[in-house]
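*Asks:* Sequence and predicted structure, then a few things I'm wondering about:
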Amino acid sequence: MKSYRKELWFEAPSRIAFINITRQVEACLRESGVREGLVLVNAMHITASVFINDDESGLHRDFETWLENLAPHEPISRYFHNRTGEDNGDAHLKRQVMGREVVVAITGGQLDFGPWEQIFYGEFDGRRKKRVLVKIIGE
């Protein structure tokens, strides 16, 4: 069995961003040489997410609005976490809702997606470098 590991780095210029990383994951798959197996894509930061959904800008705006309604950034005094000197209590909650990672089957050397599925990195406390782990195992 083959094993492949790579870190992808991102620096979102805004506090919240959704970045389509499907092409980068496909490039990792080609580099790995795996034809049948699984790929894990994992946000390695507790204020970021990896998820699968449609690449449609209206939907992404809906995510941002929905998340902000669930866990508003301000007033920052509403979160006990922020009393430690942080200002990202909301980002931790948003990550919890959107998820930490995805696993996608690899079939015939391709990501085995359903219609419209794409992989996204979700940033909820941006403006600094963060990373995503891509781990591929298979034959």
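*Replies:* Yes, it's here.
*Asks:* mind checking the SS state of the residue nearest to the spatial centre of the chain?
*Replies:* Relative to the mean C-alpha position of the chain, the nearest C-alpha, by CA atoms, centre = their mean, is the one of Val50, at 2.1 Å. Per DSSP: H, G, I helix; E, B strand; the rest coil, the local secondary structure of Val50 is strand.
*Asks:* just checking, it touches Glu123?
*Replies:* No. Taking contacts as CB atoms under 8 Å, Val50 lies outside contact range of Glu123: 10.6 Å. C-beta coordinates here come from the backbone N, C-alpha and C atoms, glycine included.
*Asks:* packing partners for the one helix or strand Val104 maps to?
*Replies:* Element membership of Val104 [criterion: DSSP states H and E] is strand 101-107. Strand 101-107 sits against strand 37-43, strand 48-53, with contacts defined as 3 or more CB pairs under 8 Å, 6 or more residues apart in numbering; DSSP states H and E.
*Asks:* quick one on the thing from earlier: who are the neighbours in contact with the residue nearest to the centre of the chain?
*Replies:* By CB atoms under 8 Å, 6 or more residues apart in numbering, the residues touching Val50 are 21, 41-43, 99-102, 119-122, 132.
*Asks:* List only those of those flagged as buried.
*Replies:* Neighbour counting by 16 or more other CB atoms under 10 Å classes Ile21, Val41, Asn42, Ala43, Arg100, Val102, Ile119, Phe120, Tyr121, Gly122, Val132 among these as buried.
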